[in-house]
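A.B. asks: The following comprises the amino acid sequence and a computationally predicted model.
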Amino acid sequence: MTQSLSLRLLCLASVSGLACSTADTGLTGGVSATDSDSGQTSLTTGEDSPTTQAQPTGDTNLTDDGTMSAGETTGTTGVPDTTSSDTTDTPVTSTTGDDTTGSDTTTTGDDTTTGTTGDDTTTTNGTTGDVDPNCQAPATQPPCDEAADDIFKAIGLNCSDDKSMAIPITNPVITAPDPASYRIVSHFGSAMDPMDPAQFAWRPHEGSRMLAITTGRFPALQPDGGLVEPNNSDSEGNNNPDNLPNLPGVMHWEKGSNNGQGGTPFMNCDGVNDCSDSLDPQWNIAPFNVANDVFYMSFDLETPLGTHGYLFDFAYFSEEWPNYVGDSFNDMLVVWSTSETFTGNVTFINDQPLTVTALDPYMMHLPGDPLLAGTGFPGDGEGAGTGWFTAKGSAAPGEKFTIAISIFDMSDTVWDTTGLIDKFRWDCEGCIPSEVMSCGIEPQ
């Protein structure tokens, strides 16, 4: 993708909470997502960091389009029941402190995520650019993940059916027969934030929990809800679906721009395949690739009136780096949107999708980095992580669309990869994928 095209669907959202930046870090400069920490540890504030049909294997309760039927889970012990939209849940309101984790703050000073229940709320982005005055996105979004028993609430969704205070979802799907392939965690690893030693380095960006997903198997959580793994422990498969010849569920690796012909990323989406054109070269890096140890989840959303996009925070770690860069062992983390404004992959770092090969130049936490302590990734010279980033995607006001999240091993069933997901929120401003310079520029 060219630099100009990268400034379309996804853009970097800096810790300052402004829309996005091309000057925050060495990773930016024609970017689609931005590191939240200005190129340091990406952990200093705890706020705004930046197919075809799947072939089911085993007893995964997939429908013939590769997804589970609406509201179904695999029925496997330990997999959350997601059949209801949790309309009876009462949002947790903030009772202490006055900090928010809003993406429209302009300072990083005292507003940090403490990791304690009810101490922070998420505010919608939209202080820059042309904001629709009729935006009905929640002004505040109290977290509801303190119970640590709901995979959707962990990332800021489905706290209630009150659209003025929450993001209700429908048709929740989890395809993960192995419950050890994901955890709802209070922190990842044992490292402490060097800028705030009282806080864990990899902690939630909203509420008290975040979602960790893996191509391997996580250990049981610590008593405090933390996920801590010994070194060299990320080299195993799991019991999730294997040998999928295509991406799972609603995802497709084929190029979807230019009405399916490819060549004009983010423009003239065919509405089915990947309009970013970014997954095709990564999926086809070697012949006969298949997806193994596949974790998949999806949910449907209705965009509030006057709202033109959404944001969420993510981080990527892989044991495959650096030995398998350029190889068929090319683990992927994909977040997919079916919006009428854009259909395809919405997770990038400096134009690159989240695979071990594509992210080779952008791994910032390398073996020996103390911030990898307890993540399982320091290893014996292998394993690295990107740090936190924020993805910004587009949507049409009032439309109903699907977001899907998947992580999987490519070709092999070992050398694991882990993703962190948190803080999904609406964005009043949004992005216009087909317009150059519509996203990715932070006002100076």
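C.D. replies: Happy to help now that I have it.
A.B. asks: Residue 187 - nearest residue in space that isn't next to it in sequence?
C.D. replies: residue 200 (3.7 Å; Cβ to Cβ, 6 or more residues apart in numbering). The way it works is simple: take the backbone N, C-alpha and C, and place the C-beta from them, glycine included.
A.B. asks: ok, which stretches of the stretch 151-300 of the chain are strands?
C.D. replies: 170-175, 182-185, 187-193, 196-202, 210-214, 226-227, 291-302 (DSSP state E, counting those that start in this stretch).
A.B. asks: closest to residue 401 out of these?
C.D. replies: Residue 401 lies closest to strand 291-302 among those, at 6.1 Å (Cβ to Cβ).
A.B. asks: ranges for the helices of the protein?
C.D. replies: 3-6, 257-260, 279-283 (DSSP state H).
A.B. asks: Next, the buried residues of the second one.
C.D. replies: Read it as helix 257-260. Within helix 257-260, the residues that count as buried by 16 or more other Cβ atoms under 10 Å are 257, 258.
A.B. asks: likewise the longest one?
C.D. replies: Judged by neighbour count (16+ other Cβ under 10 Å), helix 279-283 contains these buried residues: 279, 280, 282, 283.
A.B. asks: Return the closest of those with respect to residue 222.
C.D. replies: Taking Cβ to Cβ as the measure, residue 222 sits nearest to residue 282 out of those, at 34.3 Å.
A.B. asks: right, and that closest one touches residue 356 too?
C.D. replies: No: contact criterion Cβ atoms under 8 Å: residue 282 and residue 356 do not qualify, at 9.4 Å.
A.B. asks: Overlap in contacts, these two.
C.D. replies: Common contact partners of residue 282 and residue 356 (Cβ atoms under 8 Å, 6 or more residues apart in numbering): residue 330.
A.B. asks: ok so, going back, looking at the strands of the stretch 151-300 of the chain, which is closest to residue 247?
C.D. replies: Closest to residue 247 of the strands of the stretch 151-300 of the chain is strand 291-302 (Cβ to Cβ; 6.7 Å).
A.B. asks: The closest one packs against which elements?
C.D. replies: strand 170-175, strand 400-410 (3 or more Cβ pairs under 8 Å, 6 or more residues apart in numbering; DSSP states H and E).
A.B. asks: what lines up beside the first one in the sheet?
C.D. replies: Listed by DSSP bridges, the sheet partners of strand 170-175 and their directions read strand 291-302 (antiparallel).
A.B. asks: how far off strand 400-410 does the strand it pairs with point, in degrees?
C.D. replies: Per axes from the mean of the first three to the mean of the last three Cα atoms, to 10 degrees, the angle that strand 291-302 makes with strand 400-410 is 170 degrees.
A.B. asks: CA atoms only for strand 291-302, dumped as PDB, please.
C.D. replies: What follows is strand 291-302 as a C-alpha-only set of coordinates in PDB (Å, rounded to 0.1, in the frame of the first residue of the first chain):
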ATOM      1  CA  ALA A 291      -5.100 -21.800   9.800                       C
ATOM      2  CA  ASN A 292      -4.600 -23.900  13.000                       C
ATOM      3  CA  ASP A 293      -5.500 -23.400  16.700                       C
ATOM      4  CA  VAL A 294      -8.100 -20.900  15.500                       C
ATOM      5  CA  PHE A 295      -9.800 -18.600  18.100                       C
ATOM      6  CA  TYR A 296     -12.800 -16.700  16.600                       C
ATOM      7  CA  MET A 297     -15.400 -14.300  18.000                       C
ATOM      8  CA  SER A 298     -17.800 -11.900  16.400                       C
ATOM      9  CA  PHE A 299     -20.700  -9.600  17.300                       C
ATOM     10  CA  ASP A 300     -23.100  -7.300  15.600                       C
ATOM     11  CA  LEU A 301     -23.400  -3.600  16.300                       C
ATOM     12  CA  GLU A 302     -25.700  -0.800  15.400                       C
END
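A.B. asks: What average pLDDT does that strand get?
C.D. replies: Mean pLDDT, strand 291-302: 97.
A.B. asks: Then stretch 217-227?
C.D. replies: Here stretch 217-227 scores 96 as its mean pLDDT.
A.B. asks: List of residues touching that stretch?
C.D. replies: Where contact means Cβ under 8 Å, 6+ apart, the residues beyond stretch 217-227 that reach it are 148, 178, 180-190, 200, 208-209, 212, 228-229, 233, 236-238.
A.B. asks: try stretch 282-289
C.D. replies: So stretch 282-289 is contacted by 247, 253, 326-328, 330, 332, 353, 355, 357-358, 410-411 (Cβ under 8 Å, 6+ apart).
A.B. asks: 10 Å instead, please
C.D. replies: The contact list for stretch 282-289, computed with Cβ atoms under 10 Å, 6 or more residues apart in numbering, reads 51, 244-247, 252-254, 274, 291, 326-330, 332, 334, 345, 352-358, 410-411.
A.B. asks: so what's the residue nearest to residue 187 bridging to?
C.D. replies: Per DSSP bridges, the residues bridged to residue 200 are residue 192.
A.B. asks: Can we start the residue count at 35 from this point?
C.D. replies: Sure thing, new numbering starts at 35, so read that last one as residue 234.
A.B. asks: Just to check, it is in contact with residue 228?
C.D. replies: No: taking contacts as Cβ atoms under 10 Å, residue 234 lies outside contact range of residue 228: 11.5 Å.
A.B. asks: out of these two, which sits in the more crowded spot?
C.D. replies: Legend: neighbour count by other Cβ atoms under 10 Å for residue 234 and residue 228, higher for residue 234 (24 against 13).
A.B. asks: contacting residues around that one?
C.D. replies: 77, 80, 149, 219-227, 258, 260, 262, 408.
A.B. asks: again, but for residue 444
C.D. replies: 249, 316-317, 319-320, 323-327, 354, 358, 361-366, 389-391, 451.
A.B. asks: Now, of those residues, which are buried?
C.D. replies: Counted by 16+ other Cβ under 10 Å, these give 249, 316-317, 319, 323-327, 354, 358, 362-366, 389-391, 451 as buried.
A.B. asks: Tell me the one among the buried residues of helix 313-317 nearest to residue 341.
C.D. replies: Closest to residue 341, out of all of the buried residues of helix 313-317 and judged by Cβ to Cβ, is residue 313, at 26.7 Å.
A.B. asks: So what's the residue count around residue 298?
C.D. replies: 16.
A.B. asks: Can you give me the distance of it to residue 173?
C.D. replies: The gap separating residue 298 from residue 173 is 37 Å, by Cβ to Cβ, to the nearest Å.
A.B. asks: who's residue 245 bridged to?
C.D. replies: Legend: beta-bridge partners of residue 245 under DSSP bridges are residue 218, residue 455.
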